[in-house]
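Asks: Pasted the sequence and its predicted model underneath.
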Amino acid sequence: MRRILVIDDEKPTLSMFSLYLEAYGFEPLTAETGERGLEIFREHHPSIVLTDIKMPGMGGLAVLKQIKEESPDTEVIVITGHGDIDLALKALNLNATDFIDKPIRQEALESALRRAEERLATLRNKDEEIAVREVGGVAAIDIRGNLTSRSEPYLLKAYKEASGPQGTRPLLLHFEQSASINGAGIAVLTQLLLESDKLGQPVAISGPSENFTKVFEIVGITKFVDIFETEEAAVAMLQGKARGLTTEGAP
Amino acid sequence: MKPFRHVSLKIKIFLSTLGVVLLISVTIAMLARWILVSSLTRELELRGVAIAQSIAEGGSGYVLDQDTPNLVSLIFDAAQLGERKILISYIYIVDMDGNVLANTFIKPFPRDLLSVNILPPDKDQAVTLIQVDGEQAYDIAVPIKEGIYTLGSVHVGLNKNHIDNLVGKLRFTFLGFISAIVVIIFLIALRLSNYITQPVTRLTRISDEISRGNLDFPMALLDAQGREPRDCPAYNNTDLPCWHFDQNLMAESEATAENVRTCKECVFYKKRKGDEVDQLADSFNNMIWSIKLYRRRLRESEEKYRSLFDSNPDPVFVVDLKKKRILDANPRAEEVYGYTKPELLGRPIADLEPPDGMTGVCRFLNMPQAGECILFPKVRHIKKGGVPFFVNLHACRTHYRGKEAVIFSTTDITDMVEKDAQLIQASKMKTLGEMSAGIAHELNQPLNAIKMGSDFLSLMVGQKRDIPKEHLGRVVGEISVQVDRAATIINHLREFGRKSDLKKEKVDINIPIRGVFTIIGQQLALQNIDVTLDLCDSLPQIHAHSNRLEQVFFNLVTNARDAVNMRQNTAENGSGPREISIRSWLENDRVAVTVSDTGCGITPQDLQKIFEPFFTTKTMGHGMGLGLSISYGIVKDYGGDIEVGSEPGEGTTFKLTFPLTDN
């Protein structure tokens, strides 16, 4: 049974969390304050930590920072107030693996937990995280696990390979279910996408979770890259664009 | 003198003068008569004696010689000499034997004469009133002597008629003289009494006229010539007393204490040279002049103040202190309160005020040691027909027509109060907006717990798993508790947003203080601000609106929070105590509350302005600068006070005090 530590200053929330996680087959640990949470973390080393951001005393961000310092591989999911995307970004910059809104919806929690599980499963194998393949004349980069500063060289390599010698091949960035991206990852991605935009390389993104779609909107990626829910829609769009390019290119 | 009290002075003077003169005259007449008549008779008797003695001297020889013819001629000569003819009625001589030796009777000698006046031997004369031939006469007998022998006697008869004639003439003359004097005195007395009493009568008439209020009439009677009162500069200048005018003309050095109340040279106050009656008339004249002047001034003053009373834009009432009834009211009072003047006069003051008697005239009347004047702000008054409205009431103790009274004026401030209420309401809405972050957080907590609980249930149901009884109870119980929690917050918000009645209620001040923390307590905790509540549980209630007080405390607490955060941002190390403490206690019969923080503090120059509307130190878009000014208005509204003490960099303390409710 996997241990999950939940840190929240709200007792009723903690109580419900315990029941919920138990029902999911986890072994929940609870803490009412950030300090207490860290103590429990050091004692039991849970692989997943859920922490509220707004707490009296030690806040969720401080907890996150501390845990990431002590154990960078721990999956830390922060709980933010509804619509509090600024805090979510702050958390992502601190290498939080995901965030969920309060009030916590079942699906959001489930998918966050599932992604965390998957990430934990693929944790040690960076090569597998980023893979390049071809779908109907379009180069696709699959992103699994956590896209962070550590994944930067892999991503750059894959990007170059997929873009071709001129760097203008239509490109699809496909986020797997388990994929998450932190602040540094977003910065790298934005950099690459900006360059593609300059070169006129058609790029599309497909499959990021709802949370990350929201984050991409906030940081402005959606302004020059279209995001699709499914791979097929994205590929269709890119093929259309590629045809347009070739007809334009042929005199 | 009682019987003469109703007799006029004129008659008194006249009669007494006349009486005295008559008395003196009669006395003089009686005396004169007695002296004159007796001395005249005596003188005539002496003349008769002298005549008789001269006959006795001359006739002694003839008696011795018995020479009758010579004796006769002697006595006739004596009797016929000059005017004696009239005086002497007869002369005769008798010898010692009683024989008549000679006589002047033309008719036979009346023999009985011899026996009526017999001269006694040792006397030289004898006088007796006798009757001769139906006429009265004084018979004077003188002896005829020759050596030591008496030869006989001479009798001379003096005509009493003649003497009486003389006396009568004398009396007539005298009486005539006395009468003339009486008549003259009568006329003089009449004149004198008229002279004395006429001015007095005139002054009496003038006094009567003055008493009837006719001050113009006497001037004609008093033959006051020359200037009229209205010529006096003080007549039209009522600002200064009349002596003041002359005083102003005087050099200051001359105005000493003695002459400060007198005119130096007044052309109106005159004292002519004359007798006392003239002076009395002058005094009277001056007095009337003075009365006229001061009456005019008084009337002018009365008119002035009456017009002030009548034209006052606010209702003014005069209320009897004892009966608590209206004695007088101005026209504006009729307009504002809707009663006519006859309806207002005599109306109990309680008709204009709500019966609670918490403030207003009734309270003022019941305050024994209240000062002379008092201002009650925002008092509820009632118009005719029971329509309530708000007034500022200013009441003063005074005397009115000999009664102890209260004069009070009211200003209709209903519009202002309503505007205030609107402003407060508007600012409350703004406060609600500021609260929204806190509210969202507060509401999110129970919603989150409910959501997770219900999701857990649906998960279990969806997977067709058995829910352990204990878990089910926990979830259901928690959901119920959290729904209540959310409902409490919503109710609290609704209560806060509710528009307050204009009427105040009794409030335990700790309730709004705690209310503030149900909404932002958690928020403060999340910002790591320690809140200390040191509330006295047995505080008496105050007169206020709970939700407005909550607004005040919300404002103070959020300001404190911002101050604490501000200090955190500016301080170099960013640390230090982050505390807000609220204390409530009873102090000198007032409920006191302090809101203290360990924030950035307020600079002394800002400290003076913090209650001013639109004053704010916050950046654009973070504060309207209305919170404290509205809080100030609200606190003042409840008779409260708000003070602030601050030390820049150390923190700020707001202290609020409120009066207790009466019971």
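Replies: Okay, I see it.
Asks: and the chain, what are its domains?
Replies: Since you didn't name a chain, this refers to chain A. For chain A, the TED database gives the domain ranges A:3-123, A:130-248.
Asks: try again with chain B
Replies: B:9-170, B:229-309, B:504-662.
Asks: Mind giving me the packing neighbours of the helix or strand in which residue B:193 is found?
Replies: When elements are assigned from DSSP states H and E, residue B:193 belongs to helix B:160-211. If contacts are counted by 3 or more Cβ pairs under 8 Å, 6 or more residues apart in numbering or on different chains; DSSP states H and E, helix B:160-211 sits against helix B:9-64, helix B:84-87, strand B:135-146, helix B:217-221, helix B:276-311. Glycine gets a C-beta too; all of them are placed from N, C-alpha and C.
Asks: Just name the most buried of the ones you listed.
Replies: Mean neighbours per residue, mean count of other Cβ atoms under 10 Å in any protein chain shown, is largest over these for strand B:135-146, with a mean of 20.
Asks: Low-confidence regions, the stretch 151-251 of chain A specifically.
Replies: A:244-251 (pLDDT under 70).
Asks: and if we set it to 80?
Replies: A:164-168, A:177-178, A:241-251 (pLDDT under 80).
Asks: quick one, strands of it?
Replies: For the stretch 151-251 of chain A, applying DSSP state E, counting those that start in this stretch gives strands covering A:171-175, A:180-181, A:203-206, A:226-228.
Asks: returning to what we had before: and the domains of chain A: which comes nearest residue B:466?
Replies: Comparison of the domains of chain A against residue B:466 by Cβ to Cβ identifies domain A:3-123 as nearest, at 11.1 Å.
Asks: Check whether stretch B:497-517 comes near chain A.
Replies: No - shown here: stretch B:497-517 not in contact with chain A (Cβ under 8 Å from any Cβ of the partner chain), separated by at least 13.5 Å.
Asks: Would you mind measuring the gap between the ends of that stretch?
Replies: 16 Å (Cα to Cα, to the nearest Å).
Asks: buried ones in that stretch?
Replies: Within stretch B:497-517, the residues scored as buried using 16 or more other Cβ atoms under 10 Å in any protein chain shown are B:500, B:502, B:504, B:507-510, B:512-513, B:515-517.
Asks: now stretch A:64-81
Replies: Within stretch A:64-81, the residues that count as buried by 16+ other Cβ under 10 Å are A:64-68, A:74-81.
Asks: Write out the residues of chain A neighbouring chain B.
Replies: Residues of chain A lying near chain B by Cβ under 8 Å from any Cβ: A:9-10, A:12-13, A:15-17, A:19-20, A:23-24, A:54-57, A:59, A:81-82, A:102-106, A:109.
Asks: got a list of what the residue nearest the centre of chain A touches?
Replies: The structure's chain A has its C-alpha centroid closest to residue A:180; by Cα atoms, centre = their mean the separation is 1.6 Å. Going by Cβ atoms under 8 Å, 6 or more residues apart in numbering or on different chains, residue A:180 touches A:97-98, A:115, A:119, A:145-147, A:209, A:212.
Asks: all helices for the stretch 1-150 of chain A, in order.
Replies: Listed in chain order, the helices of the stretch 1-150 of chain A (DSSP state H, counting those that start in this stretch) span A:11-24, A:34-44, A:60-70, A:85-93, A:106-121, A:126-129.
Asks: What mean pLDDT does the longest one get?
Replies: Yep, that's helix A:106-121 we're talking about. Summarised as a single mean, pLDDT over helix A:106-121 is 84.
Asks: tilt between that helix and helix A:11-24?
Replies: 60 degrees (axes from the mean of the first three to the mean of the last three Cα atoms, to 10 degrees).
Asks: what's helix A:106-121 packed up against?
Replies: Other elements packing on helix A:106-121 under the criterion 3+ Cβ pairs under 8 Å, 6+ apart are helix A:11-24, strand A:48-52, strand A:75-81, strand A:98-102, helix A:210-219, helix B:414-462.
Asks: Of the ones you listed, flag the one that's most buried.
Replies: Of the helices and strands packed on helix A:106-121, strand A:48-52 is the most buried (mean count of other Cβ under 10 Å), at a mean of 27.
Asks: Give the pairing partners of it; include direction for each.
Replies: strand A:3-7 (parallel), strand A:75-81 (parallel) (DSSP bridges).
Asks: Not counting the last one itself, show me its contacts.
Replies: By Cβ under 8 Å, 6+ apart, the surrounding residues in contact with strand A:75-81 are A:8, A:47-54, A:60-61, A:64, A:67-68, A:87-88, A:91, A:95-102, A:104, A:112-113, A:116, A:119-120, B:440-441, B:444.
Asks: now do stretch B:146-153
Replies: Under the contact criterion Cβ under 8 Å, 6+ apart, stretch B:146-153 has outside partners B:56, B:60, B:63-64, B:93-96, B:101, B:119, B:121, B:141-145.
Asks: Go ahead and measure how far that stretch is from the middle of the chain.
Replies: 107 Å (Cα atoms, centre = their mean, to the nearest Å).
Asks: same thing with stretch B:11-20?
Replies: Averaging C-alpha positions (Cα atoms, centre = their mean) puts stretch B:11-20 45 Å from its chain's average.
Asks: now stretch A:194-211
Replies: Remark: stretch A:194-211 is offset 15 Å from the chain centroid, using Cα atoms, centre = their mean.
Asks: ditto for stretch B:126-137
Replies: 91 Å.
Asks: mind saving the C-alpha coords of that stretch as CSV?
Replies: Taking Å, rounded to 0.1, in the frame of the first residue of the first chain, the C-alpha atoms of stretch B:126-137 are listed here in CSV:
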residue,chain,number,x,y,z
ALA,B,126,-69.3,158.2,91.3
VAL,B,127,-70.5,156.9,88.0
THR,B,128,-73.9,155.3,87.5
LEU,B,129,-75.9,154.4,84.5
ILE,B,130,-79.3,155.8,85.0
GLN,B,131,-82.6,156.3,83.1
VAL,B,132,-83.7,159.8,82.4
ASP,B,133,-86.8,160.5,80.4
GLY,B,134,-86.6,157.2,78.7
GLU,B,135,-83.0,157.7,77.7
GLN,B,136,-80.0,156.2,79.3
ALA,B,137,-77.2,158.3,80.6
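Asks: Give me whichever of the domains of chain A is most buried.
Replies: domain A:3-123 (a mean of 20).
Asks: remind me which residues of the stretch 251-400 of chain B are low pLDDT?
Replies: B:251-297, B:354-372.
Asks: Looking at the helices of the stretch 1-150 of chain A, which is nearest to residue B:330?
Replies: That would be helix A:85-93 among the helices of the stretch 1-150 of chain A, by Cβ to Cβ, at 66.3 Å.
Asks: which helices and strands does the closest one pack with?
Replies: By 3+ Cβ pairs under 8 Å, 6+ apart, helix A:85-93 packs against helix A:60-70, strand A:75-81, strand A:98-102, helix A:183-199, helix A:210-219.
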